[in-house]
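In: Next comes the sequence, and after it the predicted model I'd like to discuss.
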4 protein chains.
Amino acid sequence: MPLSDDQQSEIATLRTSPQSTLRAVSPGMEKHLYTAHEVLDHGFVRVVDYMGDDAAIVQAARVSYGAGTKKSRDDSGLIRYLMRHWHSTPFEMCEVKLHVKLPVFVARQWIRHRTANVNEYSARYSILDREFYIPAPENLAAQSTVNNQGRGEVLTGDEAARVLEILKTDAGRSYDNYEAMLNQEGQKGLARELARMNLPANIYTQWYWKVDLHNLFHFLRLRADEHAQYEIRVYAETICDIVADWVPAAYGAFEDYRLGGVNLSAKALDCVRRMLKGEDVTQETSGMSKGEWREFEATIA
Amino acid sequence: MPLSDDQQSEIATLRTSPQSTLRAVSPGMEKHLYTAHEVLDHGFVRVVDYMGDDAAIVQAARVSYGAGTKKSRDDSGLIRYLMRHWHSTPFEMCEVKLHVKLPVFVARQWIRHRTANVNEYSARYSILDREFYIPAPENLAAQSTVNNQGRGEVLTGDEAARVLEILKTDAGRSYDNYEAMLNQEGQKGLARELARMNLPANIYTQWYWKVDLHNLFHFLRLRADEHAQYEIRVYAETICDIVADWVPAAYGAFEDYRLGGVNLSAKALDCVRRMLKGEDVTQETSGMSKGEWREFEATIA
Amino acid sequence: MPLSDDQQSEIATLRTSPQSTLRAVSPGMEKHLYTAHEVLDHGFVRVVDYMGDDAAIVQAARVSYGAGTKKSRDDSGLIRYLMRHWHSTPFEMCEVKLHVKLPVFVARQWIRHRTANVNEYSARYSILDREFYIPAPENLAAQSTVNNQGRGEVLTGDEAARVLEILKTDAGRSYDNYEAMLNQEGQKGLARELARMNLPANIYTQWYWKVDLHNLFHFLRLRADEHAQYEIRVYAETICDIVADWVPAAYGAFEDYRLGGVNLSAKALDCVRRMLKGEDVTQETSGMSKGEWREFEATIA
Amino acid sequence: MPLSDDQQSEIATLRTSPQSTLRAVSPGMEKHLYTAHEVLDHGFVRVVDYMGDDAAIVQAARVSYGAGTKKSRDDSGLIRYLMRHWHSTPFEMCEVKLHVKLPVFVARQWIRHRTANVNEYSARYSILDREFYIPAPENLAAQSTVNNQGRGEVLTGDEAARVLEILKTDAGRSYDNYEAMLNQEGQKGLARELARMNLPANIYTQWYWKVDLHNLFHFLRLRADEHAQYEIRVYAETICDIVADWVPAAYGAFEDYRLGGVNLSAKALDCVRRMLKGEDVTQETSGMSKGEWREFEATIA
């Protein structure tokens, strides 16, 4: 269970204490506030706070483009226009703060997105809990044979059993020894900032992560992508569902132009044009390398 | 008058339409929402939205430092500790969005602070209003005779009159000619993106500016400082008053450690220590240059 | 003439004083160092320093992906792969520092790109030169009748003459009055930080601008685009030529995937697929709005 | 040994292949290029590239402040002035790229500094080496009894032996099992992106890290501080030595104003002033809390 009883009851209290505000309110987002969306075996995503809604994006765009904009286009159309033409600053006017519990190896990927604010639980200061990510059987994938950075088939039988046994045993023993080193009964006890180095990368950590909508979309485009590692993708997908409720028009535009959209190179665009005119373009006449042509064919198929 | 009748009535409507939210609410900030605080002759600062309060800073710090922190220190003491020891990330968990109307030459200084989100009124797309900053007589300062980057005495008499006459006349004529070039009656009309180049730097622009509290404090420390140019300082001071109502504990710590605090170099600290032990330190024995010693003497006097 | 005789002779000296270094050297970039590339009537772009070359991008990628990468792919192919799959961090490993002289209204657009380092000439501290951008006759464009944010036909005849006369006269008078207010003979002289507010947006300023290659590409994609305002586009095009000499493989990939590439939405991609299968797709059956369909048709034509 | 024979011989080759450049060259930095400075038991810091020198800082400042600056102040004095008055942009005009090998738990602290460019070795793509940080006996510290986030005495005797045994054994077994899971002989082999989660936080990783001098100074102020964890502090100290050779004037100013300097709050400054006038200030009359007064007394003693 990702949240303690204390935390559950704190959330219940917060959710029954609405207050009055003059700020923009997103009804779709209010229903998510504080509630933990479970991810993986012990992780979660919780919305702690948010700023703005679809109307806030439009309002910011209209500061830029003046009153004239007001009449000529409805809000959703304007948001699509902004997304299509890479006008990113109006989307920066929305902000969200999440509380996320996640394995350390996922946190290490996540933090590479630098344009966000982070407060992580400090294992220098405090003692981490005994919680480790152990993949569900259907996620225990073999190394891909075609892609260094990917997964192949699911492990089965003895091999799957051996891997699960290793992951559980090593995590348990590492944590036992972490505690043994920290222990101050009958010994001094190793400094926390040192003892933590014995813990494996599947231990859970948690942080507050605050980001604006433009940078969140950038994160989601990369991490909700099918090539992202499964263990971060499930967090991204959970956040996608939340964002769809928070700013439905912006999320719709994001889905169409970014998540579902593709980037064609000049060469690929030229091929598409020629093909639409009836030419039978092949890899040899495309100007693309074999690998690129394969990707191109998969795109337009 | 900085806001049109339409805008005033829109604000009045917004301010009489409270909604229910589960988010953290800062009562001190709610009272500022949407209202225009007048600055200079046509400028203003308006709070459009905010995220978080003093408790949000503490909450973020406690994610980092664990539950142990909870008992040992009250919120205000913890906030002072964080500020004193440069733990900046908890302050990044608060965010504010302002609507600011300001002269272009002030905007040009302001934008040098890059860690913020900005949507500015586009003079490429829309037509700017005929509004210019003309200093009040008491702010019509001469060039400093000791500091290239500063002001001296206030201009008076004929010189003051001449300067005011120039500023008003040139601004008016530039704007008349801007309109004449744009005019599409009997001529094509110059493109807006070109015509704007005739406008002087004291014309007013406006933008939405969104920033987290840590970076806002950094901005305020530099721009509410007595060495900042008067015309940006009055904006910073207005924002200081708003922040004091929004996050009183954090603002109190900021005032003590940053606004009112000083940085002593290793050399200066050494001098203070020697002086406190009774030594009669002089510039010659201080290890400082003459200019630096002068600044040091002013600091400790 | 954009550079003074003193500056020209300083450049000549610098260019005849090669030194020995162990760092990566880009021969194509060395030939640009310090030399001013003229832009508009008084502006320029000068390379002041650079870090890295195509090989530095590859080297950084290989830290990430390990030695295995070395054999399987040549440098240029790897660079194209990185660009195609949005692996941006290796491109961040190259950096360039430019000295740019540009009109203030161009500088105001440029500075919106925040991920760069900037040192601008301070009109608070120093006195600006009497240099203004006056468009060449062929760039004196009318307001577009279809796009609020664009240009239409070129002005001609009396209207062109009137506009040029206004721009020249207003700039000259504003500068005369700037000098008159600053003057300290027989009067105190207005503070520089105030007097500058009388100067129009076509006065030239200058700055040092330092940026990494990834963020520079982002800037160039937006500003070398045909929809960018002419006056900033000519700077972007000048920089494009420099970058092509500095990192030819990276620039080639940028040209193919970004400058010449297009982004297709999910809807647009679906239309392309249907059209390639022989379906006669129309706006009505495309799922796109009329405006979007027009843009789509222009893309694939 | 931190570098392989291949790498050592590549470095030797690079160091014997000087090339000619027109760029600014820092002789003090050239001598560091490529050479590995050993840190901890298997780590290192290597300078891969740099941009600028002390003169580049001055040159950028003079773009801002105009030619007048040139005569009135020598370079070192100007650099001290810039540092004293928080003019940070000229320091951003220098850049350095480091290759660092470091334990993962150090990397996790380091990456919290977001204003830098990073390419880290990918354990998703490649297989990590069997190298772990095991503290030297004199660094095997107990948890501090007064500071949650600090170290106390050094462990000795049986406890020290037990801790070292645990760290070595657990690291070894975790790595053996990592290899066993990856192994593709007679089984499919677990995906690298999953197998890595079994590795403890004292395993070594490596990255390219590129940062400007201003942000590097900020990093060094926090991480070369005596309160920083020993294992990151030794990296910071190694970098300090390198920077002192690269930009001696800037580093001197940094040492005086930042590393050796202190920040006095308004209250503390008031106490110093009163004490210098002969008043016997106590905690009770200081306006400070007990904890803060203790820190203050330690500062001025």
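Out: Thanks, I have it. Every value quoted in this text rests on a predicted model; they were computed, and no experiment measured them.

In: So the residue in the stretch 151-300 of chain A positioned nearest to chain B, which state does it fall into?
Out: Across the stretch 151-300 of chain A, no residue is closer to chain B than A:Tyr208, which sits at 5.0 Å (Cβ to the nearest Cβ). Bear in mind the C-beta positions are built from the backbone N, C-alpha and C, glycine included. State at A:Tyr208, reduced to three classes by DSSP: H, G, I helix; E, B strand; the rest coil: strand.

In: what's the neighbour count on it?
Out: 27 (other Cβ atoms under 10 Å in any protein chain shown).

In: Could you tell me how far it is located from A:Val243?
Out: Distance, A:Tyr208 to A:Val243, using Cβ to Cβ, to the nearest Å: 17 Å.

In: What of A:Ala116?
Out: For A:Ala116, the distance to A:Val243 equals 15 Å [Cβ to Cβ].

In: By mean pLDDT, flag the weakest helix or strand of chain A.
Out: Least confident helix or strand, chain A: helix A:68-72 with a mean of 48, by mean pLDDT, DSSP states H and E.

In: Past that helix, which element shows up next along the chain?
Out: Of the helices and strands lying after helix A:68-72 in sequence (DSSP states H and E), the nearest is helix A:75-84.

In: Now do the buried residues in that next one.
Out: Within helix A:75-84, the residues scored as buried using 16 or more other Cβ atoms under 10 Å in any protein chain shown are A:Leu78, A:Ile79, A:Arg80, A:Tyr81, A:Leu82, A:Met83, A:Arg84.

In: Helices of the stretch 51-200 of chain A, start to end?
Out: A:54-65, A:68-72, A:75-84, A:104-110, A:157-182, A:192-195 (DSSP state H, counting those that start in this stretch).

In: follow-up on the earlier one: quick one: the buried residues of helix A:75-84 as a markdown table, columns for pLDDT and distance to D:Lys101 too.
Out: Listed next are the buried residues of helix A:75-84 as a markdown table, based on pLDDT from 0 to 100; distance: Cβ to Cβ, whole Å:
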| residue | pLDDT | distance to D:Lys101 |
| --- | --- | --- |
| A:Leu78 | 93 | 50 |
| A:Ile79 | 96 | 46 |
| A:Arg80 | 95 | 47 |
| A:Tyr81 | 94 | 48 |
| A:Leu82 | 95 | 44 |
| A:Met83 | 96 | 42 |
| A:Arg84 | 94 | 44 |
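
In: Could you single out the nearest of these to A:Tyr204?
Out: Relative to A:Tyr204, the closest of these is A:Met83; by Cβ to Cβ it sits at 34.7 Å.

In: Tell me the confidence at A:Ala67?
Out: What the model reports for A:Ala67 is a pLDDT of 50.

In: residue with max distance from the center of chain A?
Out: Here chain A reaches farthest from its C-alpha mean at A:Gly186, the gap being 44.5 Å by Cα atoms, centre = their mean.

In: which residues of the stretch 201-301 of chain A fall in helices?
Out: A:213-223, A:230-246, A:248-254, A:266-276, A:283-286, A:290-300.

In: tell me which residues in the second one are buried?
Out: So the one you mean is helix A:230-246. Across helix A:230-246, burial judged by 16+ other Cβ under 10 Å covers A:231-236, A:238-240, A:242-243, A:245-246.

In: Tell me which other helices or strands that helix touches.
Out: If you count contacts as 3 or more Cβ pairs under 8 Å, 6 or more residues apart in numbering or on different chains; DSSP states H and E, helix A:230-246 packs onto helix A:27-30, strand A:36-39, strand A:43-51, strand A:95-103, helix A:104-110, helix A:213-223, helix A:248-254.

In: 10 Å instead, please
Out: helix A:27-30, strand A:36-39, strand A:43-51, strand A:95-103, helix A:104-110, helix A:213-223, helix A:248-254, helix D:192-195 (3 or more Cβ pairs under 10 Å, 6 or more residues apart in numbering or on different chains; DSSP states H and E).

In: How about the contacts made by the residue nearest to the spatial centre of chain A?
Out: Residue closest to the mean C-alpha point of chain A, counted by Cα atoms, centre = their mean, is A:Ala236 at 2.9 Å. A:Ala236 sits next to A:Val39, A:Val45, A:Trp110, A:Leu216, A:Phe219, A:Leu220, A:Arg221, A:Leu222, A:Arg223, A:Ala224, A:Asp225, A:Ala228 when contact means Cβ atoms under 10 Å, 6 or more residues apart in numbering or on different chains.
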